[in-house]
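1. Need a 3D model of the sequence below.
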Amino acid sequence: MNSLLIAAVLGSSPDYNSLFESLLWPTEAWPETERTDALTALVEGLGPLLSHSDSTLLTDAARLCVQSKIESIIWSKCFPFLSRLSTEEDDARSRESTAAVCRLIRACVALCSENVQKRVVLSVLHSFQTSEEDGDRVSVQVATEVLAVLMPFLAADEHLTLSTLNSALAIIRSPPDAPLVSRITVRIILMLLNCCSSSSSASSGVLKRVLDELCSWDNTERTLMCLTVLSDHFLSHHSPADPRLSPRFWRTVQDGLIDRDSVSRKRALYLLKRCAALSEEDDFNCLHSSSEKDMLFKWAPDKSRLLREFWEDYVLVMETLEENQIHVVRPVLNRIDSLIQTAVTYSHAPGLFHPSWLLCVYQRMLHSENKSLLREGVRHLLNLQALQQPEFALAFSQFVVGPFMEALSEASLF
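-> Okay, the predicted model is just below:
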């Protein structure tokens with residue numbers, strides 16, 4: 001609604017209570033979006049009056065009355081309607097009404113005290129923890145949209161920030177459907193990181209908390225989805241939470257490269273490409289750690305060109321293995337020989353390339369539904385001279401006696 005029109009209405013009608021009553025709806029009714037938006041515009045228009053100290057514009061008694069009315073709208077109108085929306089089908093009408101009431105809540109909360117703002121946020125977070133059978137419960141889907149519009153208010157409070165973050169992580173760690181996980185990751189965690197980005201200390205704590213949590217999950221597909229959505233924060237120059245230093249992050253990426261789900265494989269490859277590109281850009285130096293065997297990804301500025309070419313070839317091989325036509329895959333198999341030769345050449349300390357990356361290539365080939373590619377993988381591995389190297393023999397030992405022997409039982413190979 002036009003702000004000039006709202007200002008004119010407020011200027012000509014000091015009876016604010018009548019204005020509120022004309023726009024409010026009965027508790028059991030489903031308000032039209034136009035009515036909700038009009039009430040939102042009225043609340044926003046009252047903002048300058050409430051913040052102005054001139055008592056001739058608004059007496060202290062009138063100011064208290066308006067503030068009380070605005071707070072009442074949150075608890076007596078918005079939350080009951082949100083509970084009702086939570087029981088409805090997720091159709092266009094429900095989504096439109098949810099967006100409208102979220103705008104109204106944001107306008108109301110902006111004019112309330114910090115204590116009220118905190119109560120509202122905690123009430124929404126409570127919906128993440130209560131049972132589905134609770135009749136007055138706001139669903140997680142609806143609560144997510146409410147939190148998204150309240151993000152600027154809660155990001156300034158460290159306790160609320162951590163509470164929101166922990167609640168969101170707890171929800172997506174449990175087994176909801178993938179669209180809900182994606183929604184919470186984008187609407188809450190990503191927005192929370194964006195709001196905290198102005199404060200380096202707050203952003204650092206949140207990023208580290210999120211990275212540690214995500215890398216501790218056993219669900220590779222879910223972890224990769226969240227890491228991909230948040231990659232602009234993690235994989236940025238001088239990020240306070242650098243996943244490249246986390247062995248658990250790299251194990252997740254490797255698990256993703258050989259996952260049965262093609263989307264997870266693409267996400268893992270995307271993260272690998274981002275890490276390699278960032279390492280070259282910022283002269284990343286990571287060759288040693290307290291636990292050398294856990295270092296799956298290494299980088300040295302003086303070997304930047306070699307490392308870039310290796311990972312470019314590696315990515316090309318893994319992308320080509322997604323193809324079904326063997327005539328497309330076969331020409332790229334020579335790149336595998338090049339990767340192996342490079343890895344063997346630099347296998348001695350500090351060892352630039354961990355053998356497990358090559359193992360991912362063979363696992364991907366042996367798990368392929370394309371029998372011709374499976375046959376090529378078996379033939380290539382049987383001729384692998386690098387297995388004579390102790391480092392490679394140790395890394396491949398469990399694979400040879402496990403998945404490789406199972407692959408040999410495939411009748412179509414012979």
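
2. For the rest of this, base every contact and every neighbour count on C-alpha atoms.
-> Noted.

3. residue boundaries of the helices in the stretch 251-400 of the chain?
-> 262-281, 304-320, 326-329, 333-345, 355-366, 371-382, 390-399 (DSSP state H, counting those that start in this stretch).

4. among those, which is nearest residue 126?
-> Judged by CA to CA, the one of those that comes nearest to residue 126 is helix 262-281, at 31.9 Å.

5. Now do residue 98: how many residues are near it, please.
-> 23 (other CA atoms under 10 Å).

6. Okay, and it sits in which element?
-> helix 92-110 (DSSP states H and E).

7. what packs against that helix?
-> helix 33-51, helix 60-73, helix 79-86, helix 114-126, helix 140-154 (3 or more CA pairs under 8 Å, 6 or more residues apart in numbering; DSSP states H and E).

8. If you average the pLDDT over it, what comes out?
-> Averaging the model's pLDDT scores along helix 92-110 yields 96.

9. Next, the buried residues of that helix.
-> 94, 97-110 (16 or more other CA atoms under 10 Å).

10. swap in stretch 73-92?
-> 73, 74, 77, 78, 79, 80, 81, 82, 83, 84, 85, 86.

11. which among the residues you listed gets closest to residue 306?
-> residue 86 (55.2 Å).

12. Pull the contacting residues for the nearest residue to the closest one once chain neighbours are set aside.
-> Of all residues not flanking residue 86 in the chain, residue 139 sits nearest, at 5.1 Å (CA to CA, 6 or more residues apart in numbering). For residue 139, the contact set (CA atoms under 8 Å, 6 or more residues apart in numbering) comprises 83, 86, 87, 127, 128, 132.

13. Which members of those are the farthest-apart pair?
-> Most distant of the contacts of residue 139, by CA to CA, are 87 and 128, 15.4 Å apart.

14. for this protein, which spans come out with low pLDDT?
-> 1-14, 53-58, 130-136, 175-176, 198-202, 288-294, 349-350, 386-391, 401, 409-414 (pLDDT under 70).

15. Quick check: phi and psi on the residue nearest to residue 86?
-> Note on residue 139: its backbone torsions stand at phi -60, psi 160 [degrees, to the nearest 10].

16. just to revisit the earlier point, as TSV, the buried residues of stretch 73-92 with distance to residue 160 would be great.
-> TSV is the format used below for the buried residues of stretch 73-92 (distance: CA to CA, whole Å):
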residue	distance to residue 160
73	23
74	19
77	24
78	21
79	19
80	23
81	24
82	21
83	22
84	26
85	25
86	24
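
17. Between those residues, which sits nearest residue 254?
-> Checking the buried residues of stretch 73-92 one by one against residue 254 (CA to CA), the nearest turns out to be residue 86, at 39.0 Å.

18. Spatially nearest residue to residue 271, not counting backbone neighbours?
-> Nearest to residue 271 is residue 228, by CA to CA, 6+ apart, at 6.9 Å.
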